[in-house]
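A.B. asks: Sequence first, then the predicted structure:
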Amino acid sequence: GINITEGASYCMVDNDKYMAVINAMDTKSYLFAMNETKLCIPLPDALYHRTSAASMYHNQYHRIITVGSLYSEYYDFNKDKTVLIHATPITRHAARRRPENIWYSALDPNIVYCASRSTELF
């Protein structure tokens, strides 16, 4: 069955026809149709479980990009494949980073930006 975990990230896909739900703490993701059909499409498993992730859909490349505190990856709809973008060495500070928002450059769609904050109290 479908299990949406606490801390999941969400993004709209394909001109708001679908909502992607990217689970936290496991590797599952789903697409939900935003019409009356109640259609749910499981996506292939991610390479790693996500913690504190943010997600976005890249219209030009048809990818869901997910940036987590330790791993960043994208799911390519055209290739039906998940690709690791970046793995952060596991340090005390990396594990406490929480991505807040991600977006791609209007000038170069290959560049993706991520704003994050620390969960540590100073």
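C.D. replies: Yep, that arrived.
A.B. asks: which stretches of this structure form strands?
C.D. replies: Listed in chain order, the strands of the chain (DSSP state E) span residues 9-13, 18-22, 29-33, 40-43, 54-58, 63-67, 71-76, 81-87, 97-104, 112-118.
A.B. asks: elements contacting the first one?
C.D. replies: What that stands for is strand 9-13. strand 18-22, strand 54-58, strand 63-67 (3 or more C-beta pairs under 8 Å, 6 or more residues apart in numbering; DSSP states H and E). For glycine as for every other residue, the C-beta is placed from the backbone atoms N, C-alpha and C.
A.B. asks: ranking the strands of the chain by burial, who's on top?
C.D. replies: The densest packing among the strands of the chain, expressed as mean neighbour count by mean count of other C-beta atoms under 10 Å, is seen in strand 63-67 with a mean of 24.
A.B. asks: where does K81 land on pLDDT?
C.D. replies: Model confidence at K81, expressed as pLDDT, equals 91.
A.B. asks: so it sits right up against E73, yeah?
C.D. replies: No. With the criterion set as C-beta atoms under 8 Å, K81 and E73 do not qualify as a contacting pair; they are 10.3 Å apart.
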